[in-house]
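Asker: could you look at this predicted model? Sequence included:
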There are 2 protein chains.
Amino acid sequence: MAPRDRAREVPPSKVHLVANRVVILGDGQMALAMADVLAAGGAETRLWAHSSADIEALARDRRSPRLPGFVLPESVQPIAADEAALAGADVIVNAIPAQFVRAVWQRLAKHVQPRVPVVSVSKGIENETLLRPTQTIEDVLRDKPEGARSMCALSGPTIGPELARRLPATMVAASPDQPLARRVQELFTSRWLRIYTHDDIIGVELAGATKNVIAIAAGIADGLAIGFNAKSALLARGLAEIARLGAAMGARLDTFFGVAGVGDLATTCFSPEGRNRTCGERLARGERLQQIVSSTASVIEGVATAKSVHRLARRLSVDMPITDAVHDILFEDLKPARAIEELMGRSAKAERIG
Amino acid sequence: MAPRDRAREVPPSKVHLVANRVVILGDGQMALAMADVLAAGGAETRLWAHSSADIEALARDRRSPRLPGFVLPESVQPIAADEAALAGADVIVNAIPAQFVRAVWQRLAKHVQPRVPVVSVSKGIENETLLRPTQTIEDVLRDKPEGARSMCALSGPTIGPELARRLPATMVAASPDQPLARRVQELFTSRWLRIYTHDDIIGVELAGATKNVIAIAAGIADGLAIGFNAKSALLARGLAEIARLGAAMGARLDTFFGVAGVGDLATTCFSPEGRNRTCGERLARGERLQQIVSSTASVIEGVATAKSVHRLARRLSVDMPITDAVHDILFEDLKPARAIEELMGRSAKAERIG
């Protein structure tokens, strides 16, 4: 992550003029890592979460049990009060687990000003509605035409603990509103985080959600110790099936082959710190799902997302054998070893991607 | 790897009728692992290599210093004599390192019968001619029309030591001659190896060659300990650049997003046993290339291939920043840390895949 060109590319004064008050909704790993990035770029950064006790603890200790070792920069302001958190915000960052996005935005809606853009880093699909996070937010706010706001999905290979240690990473800022994508690029660029602009918000959000399901399968492969060759084949076949679903939902196929697609999929499948991969590994070793979920400090997004993706695949008649297997392991008591055996034994004659 | 359908899908009698005498050229990791697969399927399997001393040692000990722990099945016949090895062969498997394919086939040409198909598992591009392995073989044999033979590339995520331990794996058999692709599928299918047919021999061979160059970059990322996020971004950007080169050379883009593309790239970048990844890691830790090459029992294909890919990129005006960086680290004394810094700091505004 070369600091050399930063001053020229992103004049701090410009960032300050364009957007300087950012409120992050959420206090999970990504919320904290994004607060660190924004603060480093000089933005006035606030952090809000639904539990005021947690926010008060964060304000006092500057540390979180969800991200051991991380210290929240002094300039970041944890704010527990809904109205005060959102007052005068230029940009709202949604870092709420996908299944809680609706409840949080319903609670906050009356304090959300018209036209203020939303940047979402959530990775999942709502179970009841099968909506992506930015769609769920739009569904809650129901902005009048004169108050319409732009949405941007910010996503990429960003396992939280690494980002919090300021190891180099890349993300894409995807929006149909390209000036917003460029503004997000400027706002979130830091010495350790590089942002590409992108125009396929559907593909970027779907890739971020669905890769967590494939990562559970990759973890199962690890738990069964079937090796890197088989796990990498699973990654490739998983990528093909989530790309097929994306195409059926209006995403561009090539989004899945970019940084926010295969890049995020790779880090999620291979990083030992990934929660979804770890969940799969523990499942394969015989632990019960309930036990894994209750002993994990953060939400394992892939679990709920597997339900949504399974339903989407049926509704759109997209063949998703790996997602089906993960779904059945999680919710139908299918044995992991048997599922992998069936996946590897499928009678596939010719390889098909698109 | 479910054995359940095997008997139905691949009747052993059919395999025996269609092709039962296979000669493998080479005695490296892939040659040995393929011999194991073919022998398990009941094919009469011979193994030839340019060094008769090595072949005699293999015939005597059934072991190789290149694949510790592996024992060559009793039914596989190592044969040192050129003519005897090729006499009556129904299929010839080319498992020669890419830079030695020409010399081996020039030596053997007079014993190679017309019309006998060639299956190549070599992964590289010849330095002098920039030809793929099957093209190099065609260039040597210059078959008359009546003696023309079909070629098939067999490739996938198959780190040798894992395959030799009979861990489950997948490959694609790619040929413009689909009956040959299906015949190779039948011949090489085993309890632990699953074969898909494919029709893009250009893409499959190029993906297998170029991923070794990206794997050297991934190893450098490991050596510099920059984390899974950055390494996965490098994998994604590397995949995009080798796919761009492939498309410029007549390959299908989606071949790079399949098992033989991203699947092989992932195992090569993440398996600790990968030679190319390990080479990059040692480079990043300050070892000299010469020292790494001379202390590695097998050929590190990515080193020579980096030269060829670098030249192809220039000739075809394809932007390949990761390949350029690997080339300059290997041959121009560029410091790995500086190369990674430059790669991550490139002023890339919008992500581009195709």
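Answerer: Cool, the structure landed.

Asker: CA atoms for contacts and neighbours, from now on please.
Answerer: OK.

Asker: can I get the strand or helix carrying residue A:210 as CSV, trimmed to CA atoms?
Answerer: In the assignment (DSSP states H and E), residue A:210 maps to helix A:201-224. The C-alpha trace of helix A:201-224 is given here as CSV (Å, rounded to 0.1, in the frame of the first residue of the first chain):
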residue,chain,number,x,y,z
ILE,A,201,-24.3,-2.7,-7.1
ILE,A,202,-26.4,-5.8,-7.6
GLY,A,203,-23.5,-8.0,-8.4
VAL,A,204,-21.2,-6.6,-5.7
GLU,A,205,-23.9,-7.0,-3.0
LEU,A,206,-24.8,-10.5,-4.1
ALA,A,207,-21.2,-11.7,-4.4
GLY,A,208,-20.6,-10.4,-0.8
ALA,A,209,-23.6,-12.3,0.5
THR,A,210,-23.3,-15.6,-1.4
LYS,A,211,-19.6,-16.1,-0.9
ASN,A,212,-20.3,-16.7,2.8
VAL,A,213,-22.3,-19.8,2.0
ILE,A,214,-19.5,-21.2,-0.2
ALA,A,215,-17.0,-20.4,2.6
ILE,A,216,-19.0,-22.7,4.9
ALA,A,217,-18.6,-25.4,2.4
ALA,A,218,-14.8,-24.6,2.2
GLY,A,219,-14.6,-24.9,6.0
ILE,A,220,-16.3,-28.3,5.8
ALA,A,221,-13.6,-29.3,3.3
ASP,A,222,-11.0,-28.2,5.9
GLY,A,223,-12.7,-30.1,8.7
LEU,A,224,-12.8,-33.3,6.6
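
Asker: buried ones in it?
Answerer: A:201-224 (16 or more other CA atoms under 10 Å in any protein chain shown).

Asker: quick one: the helix or strand just after that helix to helix A:201-224, angle?
Answerer: Per DSSP H and E, the first helix or strand lying C-terminal to helix A:201-224 is helix A:228-248. Between helix A:228-248 and helix A:201-224, the angle comes out at 160 degrees (axes from the mean of the first three to the mean of the last three CA atoms, to 10 degrees).

Asker: continuing past helix A:228-248, what's the next helix or strand?
Answerer: Next helix or strand after helix A:228-248 toward the C-terminus (DSSP H and E): helix A:264-270.

Asker: now for that next one, which elements pack on it?
Answerer: Applying 3 or more CA pairs under 8 Å, 6 or more residues apart in numbering or on different chains; DSSP states H and E, one finds that helix A:264-270 contacts helix A:201-224, helix A:228-248, helix A:275-284, helix B:228-248.

Asker: what's next to that helix, contact-wise?
Answerer: Where contact means CA atoms under 8 Å, 6 or more residues apart in numbering or on different chains, the residues beyond helix A:264-270 that reach it are A:156-159, A:208, A:211-212, A:214-216, A:218-219, A:235, A:239, A:274, A:276-277, B:228-229, B:231-233, B:266, B:270.

Asker: now do the residue positioned nearest the centre of chain A against residue A:150, distance only.
Answerer: Centroid check for chain A by CA atoms, centre = their mean gives residue A:123 as the closest residue, at 3.1 Å. In this structure, residue A:123 and residue A:150 are 18 Å apart, going by CA to CA, to the nearest Å.
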